[in-house]
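Colleague: Quick one: sequence plus predicted model below, questions after.
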Amino acid sequence: MRASCLRLAGSALVALFLWLVPAVAPAADVTFETAPLQIIATGGKVHKFTVELAVDSDQRSQGLMNRRHMARDHGMMFDFGVTRQVMMWMKNTYLPLDMLFIAKDGRIETIRENAVPLSESIIDSRVPVAFVLELNAGTVNRLGIATGDIVDTRRISSAQP
């Protein structure tokens, strides 16, 4: 009887593993280009970063999920291709993040600091934006980044008329 239960439990674990692998496997295929980005503070101070670009739906869906580390001067920029109200969440994201919601002209419109890892709570841009920049939590406070500061990168420049 015990051996039968163990075989059944083992079969259930194998079935569960085989069911989960296809759900996880496609995420491994998502790759991101990188680009330089700078934030120009109202007082003129410039903060430089290297960002991964999330520009298509697969990349935007994957984002920084399942990552355990990101270099201090790195981030991820989401390009939505249109200006709209944006809703983000931290599901499957282990890194605490600062989120900067950015207008088409590069102006930071809304900042949400210290997003809680693994939370499914909605983080709302509150206003229509074209881009979201995710940085390690604490970066906004450490560098004094504020609404009205300008994010400058080739991607934002090419979005200008």
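Modeller: Structure's in. What do you need?
Colleague: Quick check: which ranges of the chain have low pLDDT?
Modeller: 1-28, 161 (pLDDT under 70).
Colleague: Quick one: the strands in it, in order.
Modeller: 33-40, 46-54, 74-88, 97-102, 108-115, 123-136, 150-152 (DSSP state E).
Colleague: Pull up the pairing partners for the fourth one, direction included.
Modeller: Applying DSSP bridges to the sheet, strand 97-102 is found paired with strand 108-115 (antiparallel), strand 123-136 (antiparallel).
Colleague: Determine which stretch of the strands of the chain is the most buried.
Modeller: strand 97-102 (a mean of 26; mean count of other C-beta atoms under 10 Å). Any C-beta I mention is one placed from the backbone N, CA and C, and that applies to glycine too.
Colleague: now the angle between strand 33-40 and it, please.
Modeller: 80 degrees (axes from the mean of the first three to the mean of the last three C-alpha atoms, to 10 degrees).
Colleague: returning to what we had before: for the strands of the chain, give me CSV that also has distance to Ser61.
Modeller: Output for those, formatted as CSV (distance: least, C-beta to C-beta, whole Å):
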stretch, distance to Ser61
strand 33-40, 16
strand 46-54, 9
strand 74-88, 10
strand 97-102, 16
strand 108-115, 17
strand 123-136, 13
strand 150-152, 22
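Colleague: the domain parsing of the chain - what is it?
Modeller: Domains of the chain are assigned by automatic domain parsing as 1-29, 31-158.
Colleague: Span of the last one from start to end?
Modeller: It refers to domain 31-158. 22 Å (C-alpha to C-alpha, to the nearest Å).
Colleague: circling back to that earlier point, out of the strands paired with strand 97-102, nearest to Thr50?
Modeller: strand 123-136 (11.3 Å; C-beta to C-beta).
Colleague: Tell me how far the closest one lies from the chain's centre.
Modeller: 10 Å (C-alpha atoms, centre = their mean, to the nearest Å).
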